[in-house]
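Engineer: here are the coordinates; sequence isn't available:
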């Protein structure tokens with residue numbers, strides 16, 4: 001739902017080490033993805049990126065937990081400086097909310113008005129650990145400390161996710177301010 005709300009011709013998508021679904025939603029390149037995972041030259045990154053490091057057009061992944069969040073803020077600021085009108089979207093899971101770089105990135109995004117949509121895929125688990133055993137407090141409350149607007153939705157209806165993401169992306173384009181979607 002979120003990827004389909006993006007403008008694929010200009011918006012930037014950052015995914016994580018489990019970004020295969022995001023990748024397929026972005027470009028439907030199953031053959032390139034499988035070839036990449038198998039290390040073949042015909043893969044999307046010629047077999048050198050493997051499963052966790054994919055790049056095609058405006059789509060990027062990285063295997064470093066939380067690392068994509070900082071990269072995404074940087075690309076949002078680059079697009080803002082170029083005045084491209086692009087919005088950057090970054091997906092990350094519960095486990096990233098234990099990484100300091102995520103909070104440093106939210107701080108910079110808020111201070112510098114980065115046109116970015118932070119998307120927390122909150123499935124209640126950080127790898128194999130229940131979120132309740134790993135994180136104190138409510139995760140959607142954390143970006144509020146950086147004055148980042150936060151929207152919470154249930155992700156069980158793709159149309160609802162799509163509509164909410166459309167609203168968020170439209171608002172980011174208008175305000176040039178980050179939004180956090182959980």
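Structural biologist: In hand now; what should we look at? Predicted model, so just to flag it, every value in this text is computed and none were measured. Residues are numbered from 1 along each chain as shown.

Engineer: and after the lowest-mean-pLDDT helix or strand in the chain, which helix or strand comes next?
Structural biologist: The weakest-scoring helix or strand in the chain, judged by mean pLDDT, DSSP states H and E, is strand 125-126 (a mean of 67). Sequence order places strand 129-130 as the next helix or strand after strand 125-126, per DSSP states H and E.

Engineer: what separates that next one from the chain centre, distance-wise?
Structural biologist: 21 Å (Cα atoms, centre = their mean, to the nearest Å).

Engineer: how about the helix or strand following it: buried residues?
Structural biologist: Using DSSP H and E, the helix or strand that follows strand 129-130 in sequence is helix 131-134. Across helix 131-134, burial judged by 16 or more other Cβ atoms under 10 Å covers residue 131. Heads up, the C-betas are built off the backbone N, CA and C, glycines and all.

Engineer: Equivalent analysis for stretch 81-98, please.
Structural biologist: Here stretch 81-98 shows 86, 87, 88, 89, 90, 91, 92, 93, 94, 95, 96, 97 as buried, counting by 16+ other Cβ under 10 Å.

Engineer: Could you tell me the end-to-end distance of it?
Structural biologist: 30 Å (Cα to Cα, to the nearest Å).

Engineer: ok but residue 86 is inside a strand, no?
Structural biologist: No: residue assignment for residue 86, taken from DSSP: H, G, I helix; E, B strand; the rest coil, gives coil, which places it outside any strand.
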